[in-house]
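K.L.:
Need coordinates for the following:
(chains A and B)
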2 protein chains.
Amino acid sequence: MMIRFYNGKTLLFDGGAHLSGDEVWTDGGRIVYVGPTREDKPLFEREIDLGGDLLLPGFKNAHTHTAMVFLRSLADDMPLNAWLSEQVWPNEAKLDAEAVYDLTRLGILEYLSSGVTASFDMYVKNDAYAQANIDSGFRTVICSGLNNFDADPENIEREYLKFNALHPLISYRLGIHAEYTTSLERMEYAVSLAEKYEEPSFTHLCETRAEVEGCLERYGLTPPQLLDRLGFFRYGGGGFHCCHMSEEDVALFAEKKLWAITNPASNLKLASGVAPVEKMRRAGVPLAIGTDGAGSNNALDMFREMYLVSALQKAATSDASACPAESVLEMACVGGAKAMGLPDCAGIAPGMRADLVVLDLQRPNMQPENNVVKNIVYAGSKENVRLTMVEGRILYEEGEFFVGESAERIYDKANAFMKKIRG
Amino acid sequence: MMIRFYNGKTLLFDGGAHLSGDEVWTDGGRIVYVGPTREDKPLFEREIDLGGDLLLPGFKNAHTHTAMVFLRSLADDMPLNAWLSEQVWPNEAKLDAEAVYDLTRLGILEYLSSGVTASFDMYVKNDAYAQANIDSGFRTVICSGLNNFDADPENIEREYLKFNALHPLISYRLGIHAEYTTSLERMEYAVSLAEKYEEPSFTHLCETRAEVEGCLERYGLTPPQLLDRLGFFRYGGGGFHCCHMSEEDVALFAEKKLWAITNPASNLKLASGVAPVEKMRRAGVPLAIGTDGAGSNNALDMFREMYLVSALQKAATSDASACPAESVLEMACVGGAKAMGLPDCAGIAPGMRADLVVLDLQRPNMQPENNVVKNIVYAGSKENVRLTMVEGRILYEEGEFFVGESAERIYDKANAFMKKIRG
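P.N.:
Residues are numbered from 1 along each chain as shown, chains lettered A, B, ... in the order given. Below you'll find the model as predicted:
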């Protein structure tokens, strides 16, 4: 099924963000043509008049816990310990496979409404999670979150083999939850798998100061240094959060080209700190952006994240030129794809996967059109998302979802689950 | 013309935010009934089925420079001095009355799309500014911004008399731009006017550390202390920004019930600092929220501001219970109205002005409905604004504007002005 996008602007990342007047054709799950209007057009299933709007590679949510949407607004405005012990943990214990399926469906709707075309997720009940993505037509990369609470650590090898063979929309990366939740023995097991399959490894890393101090006490090393010594990063990978990185940690990430995946909204709301994104950017650390889960964020909104990445760096460094908009948009569209192991979702070019978004520029927050890229990063919002396409299929357009199930029914199921667990 | 809102939720502020199932009737510019469904219904011009959605008092943008939308994304990612001297000042010098009219029209569209029903504005060319509000059907309070660059300081008295008599949608408060831009003589003149008319006074206040240090050097007093000594606050009023308030300044504001109007996005992006909102809240300082101008923000989006008020306070105080959602929503809906001298826009009750917003709760970011108020503050976005009504007239609904001029034409005029001044 071929689709044509024409009469608008196309965002290309070719050494910086740049707008072209190219039209774009997709065929099945791929982009097959990017260029000027041609006389020899094929027969299209649909021709979408952009009317001056912007076609861009979808945002990649490079760190999230999708099914955590059920914790949204459940227990904010409480001290962190009470939140975790009274709300998060007891309620998470009630999650079964059906709930994870239904809640993942809900989270995917929110991604689509925010122009997100792929997620890098670490949570529980991965079979149900994968099925919800497949049934919705959404792309996800599952990250194993090995830790001391797993009854069967070797399950991650079985999952690695299973999910990477399951479906074109699903893939699986190796990783641990975090140093502070994982024994040395289990970290070494994760390293052995990464070596066996020559795979990158990911983990929550340097999220809080307490985490770093604990690791220094336990091992005399920061988490990045410890993991590097263990061989965790031999085939690359990276860390989620990266708020409290030492100079040496930043240098290590730059040298080994490890991904620092920043989650500014969650870090802000949980008072975890502000990641040194500008410092890492200047050092050459590859960067991507994630929302983290809705339990802490509370939105799954890449516009909010992009704004915060830049605004928080400007504030933290007292330098208005920190993290310019072009670099932030590239982190969201391109960096995330590469971090997750989806290089063919990283831009608009023939052969790339058709994971595309149309942003409505005919809205007051995008006017005047002084600079489209800056408008998106500093003033963009979900109201600008006109269309979201994953693997060549339109899953969201003009406020409506096309995910094989009505939004109303997905909301009803989420609310029914909440009613059940709240008694 | 009577309008009925029914079959939804209504947000009441009666000692805290609370949801009721009441329906609401408006007649002309006023709310005339709030209560259960009645048998003896009048004939309505229109009956709006909320379908479970939420009716609330509109957000008040309690500090802004509306026509500054033309500076959006014009020169971000530049050091502050270069931004001011190369872009803001030379471009502002090119503003004429026609441009202010057209740009104000554009800013009003953005307010409406964000659920804002009134603005507290300080800028230039107030005749053109007021006319754009009147022609759009939008409510605004103009604040005089007396400073040393005004050729004719006594103009503010003429404006005070003129604009307070001009139109039901327009009013005018007294004020100065800021201590650092206004001579002692002119500050004393502003005080004399406040005393003559028994009016509150407003000003940019404690926005940057340099401003406070400069005032201490010049007068040996902080800006709030100086202005208080001069009698500026004899009939109340308050300050915009309030980032760098001493303990004594906070105590003064609490004692005199002066409004602290916070602008978190602008303060963050310009690295001005984080206002001690939680400290002021606990001390009993009345609080309201503004976007500041699009030149620094860059959006006019009260959802972003509400989220930031709370998240930045949680981060700054390391206390997840700081600035709970209910208090922030009250600042936006109620506080702003009272700060601006619009007490009859401060809530939903018979006799109040019909400045109302409908938020669509059937969107993924509002689900599950664990807590509607927290969902709005922590996850809300412009995509949730279904309808915005000012003075009983629907100015925005389902993405369309009804302001007596098409959005396209307003965008075209803004872009034509940019083309003209950029040459």
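K.L.:
So A:T66 sits against A:D102, correct?
P.N.:
No: the criterion here is CB atoms under 8 Å, and A:T66 misses it with A:D102 at 11.4 Å. For glycine as for every other residue, the C-beta is placed from the backbone atoms N, C-alpha and C.
K.L.:
In terms of neighbours, single out the busier of the two.
P.N.:
Neighbours per residue, other CB atoms under 10 Å in any protein chain shown: of A:T66 and A:D102, the larger number sits with A:T66, 28 against 23.
K.L.:
for the stretch 51-200 of chain A, what spans make up the strands?
P.N.:
In the stretch 51-200 of chain A, the segments counted as strands under DSSP state E, counting those that start in this stretch are A:54-57, A:59-64, A:116-121, A:139-143, A:170-178.
K.L.:
Which among those is found nearest to chain B?
P.N.:
strand A:116-121 (11.3 Å; CB to the nearest CB).
K.L.:
got a list of contacts for the closest one?
P.N.:
Strand A:116-121 has contacts (CB atoms under 8 Å, 6 or more residues apart in numbering or on different chains) with A:57-66, A:107, A:111, A:129, A:138-143, A:173, A:202, A:261, A:290, A:300, A:302, A:336-337, A:339-340, A:342, A:345, A:355-357, A:388-390.
K.L.:
give me phi/psi at A:S321?
P.N.:
Here is the backbone geometry of A:S321 (degrees, to the nearest 10): phi -90, psi 0.
K.L.:
Do you know the pLDDT at it?
P.N.:
Note for A:S321: predicted pLDDT of 88.
K.L.:
contacting residues around the residue lying closest to it once chain neighbours are set aside?
P.N.:
Leaving aside its chain neighbours, A:S321 sits nearest to B:D77 (5.2 Å; criterion: CB to CB, 6 or more residues apart in numbering or on different chains). Listed by CB under 8 Å, 6+ apart, the contact set of B:D77 reads A:A320, A:S321, A:P324, A:A325, A:K374.
K.L.:
In TSV, list these along with secondary structure and neighbour count.
P.N.:
Output for the contacts of B:D77, formatted as TSV (DSSP: H, G, I helix; E, B strand; the rest coil; neighbours: other CB atoms under 10 Å in any protein chain shown):
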residue	secondary structure	neighbour count
A:A320	coil	23
A:S321	coil	16
A:P324	coil	21
A:A325	helix	25
A:K374	helix	23
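K.L.:
follow-up on the earlier one: just say which of the strands of the stretch 51-200 of chain A is most tucked in.
P.N.:
Comparing the strands of the stretch 51-200 of chain A by mean neighbour count (mean count of other CB atoms under 10 Å in any protein chain shown), strand A:59-64 comes out on top with a mean of 31.
K.L.:
Remind me what that strand packs against, helices and strands.
P.N.:
Contacts defined by 3 or more CB pairs under 8 Å, 6 or more residues apart in numbering or on different chains; DSSP states H and E place strand A:59-64 against strand A:116-121, strand A:259-262, strand A:287-289, helix A:336-339.
K.L.:
tell me the contacts of the spatially most central residue of chain A?
P.N.:
Against the mean C-alpha coordinate of chain A, by CA atoms, centre = their mean, the closest residue is A:N61 at 1.5 Å. Listed by CB under 8 Å, 6+ apart, the contact set of A:N61 reads A:Y111, A:V116, A:A118, A:S119, A:F120, A:I289, A:G290, A:T291, A:L300, A:M302, A:G336.
K.L.:
what residues go with each domain of chain A?
P.N.:
Following automatic domain parsing, one finds the domains of chain A at A:2-57+A:352-401, A:59-344.
K.L.:
ends of the shortest one, how far apart?
P.N.:
As for domain A:2-57+A:352-401, its first-to-last residue distance stands at 20 Å under the measure CA to CA, to the nearest Å.
K.L.:
Same check on the longest one?
P.N.:
The first residue of domain A:59-344 is 14 Å away from its last residue (CA to CA).
K.L.:
One more: stretch A:245-264?
P.N.:
15 Å.
K.L.:
Now do it: distance to the chain's middle.
P.N.:
18 Å (CA atoms, centre = their mean, to the nearest Å).
K.L.:
what's the least confident helix or strand in chain A, going by average pLDDT?
P.N.:
helix A:80-82 (a mean of 72; mean pLDDT, DSSP states H and E).
K.L.:
ranking the domains of chain A by burial, who's on top?
P.N.:
domain A:59-344 (a mean of 22).
K.L.:
show me what contacts A:Y219?
P.N.:
Going by CB under 8 Å, 6+ apart, A:Y219 touches A:L226.
K.L.:
From chain B, how far out is it?
P.N.:
A:Y219 sits at a distance of 26 Å from chain B (criterion: CB to the nearest CB, to the nearest Å).
K.L.:
which stretch among the helices and strands packed on strand A:59-64 comes nearest B:F401?
P.N.:
Among these, strand A:116-121 comes nearest to B:F401, with 27.8 Å by CB to CB.
K.L.:
tell me the angle of that closest one relative to strand A:59-64?
P.N.:
Angle, strand A:116-121 to strand A:59-64, by axes from the mean of the first three to the mean of the last three CA atoms, to 10 degrees: 10 degrees.
K.L.:
roughly how far is strand A:116-121 from the heart of the chain?
P.N.:
Using CA atoms, centre = their mean, the offset of strand A:116-121 from its chain centre is 4 Å.
K.L.:
Pull up the pairing partners for it, direction included.
P.N.:
Strand pairing for strand A:116-121, determined by DSSP bridges: strand A:59-64 (parallel), strand A:139-143 (parallel).
K.L.:
Mean pLDDT for those strands - can I get that in CSV?
P.N.:
Listed next are these as CSV, based on pLDDT from 0 to 100:
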stretch, mean pLDDT
strand A:59-64, 98
strand A:139-143, 98
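K.L.:
Let me have these in TSV, extended by distance to B:F44.
P.N.:
Formatted as TSV, the strands paired with strand A:116-121 follow (distance: least, CB to CB, whole Å):
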stretch	distance to B:F44
strand A:59-64	43
strand A:139-143	48
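K.L.:
Residue numbers of the stretch 151-300 of chain A in contact with chain B?
P.N.:
Contacts of the stretch 151-300 of chain A with chain B, taken as CB under 8 Å from any CB of the partner chain, map to A:A265, A:N267, A:L268, A:K269, A:L270, A:A271, A:V274, A:A294, A:N297, A:N298, A:A299, A:L300.
K.L.:
from those, which is closest to A:G8?
P.N.:
A:G8 has its nearest neighbour among these in A:L300, at 26.1 Å by CB to CB.
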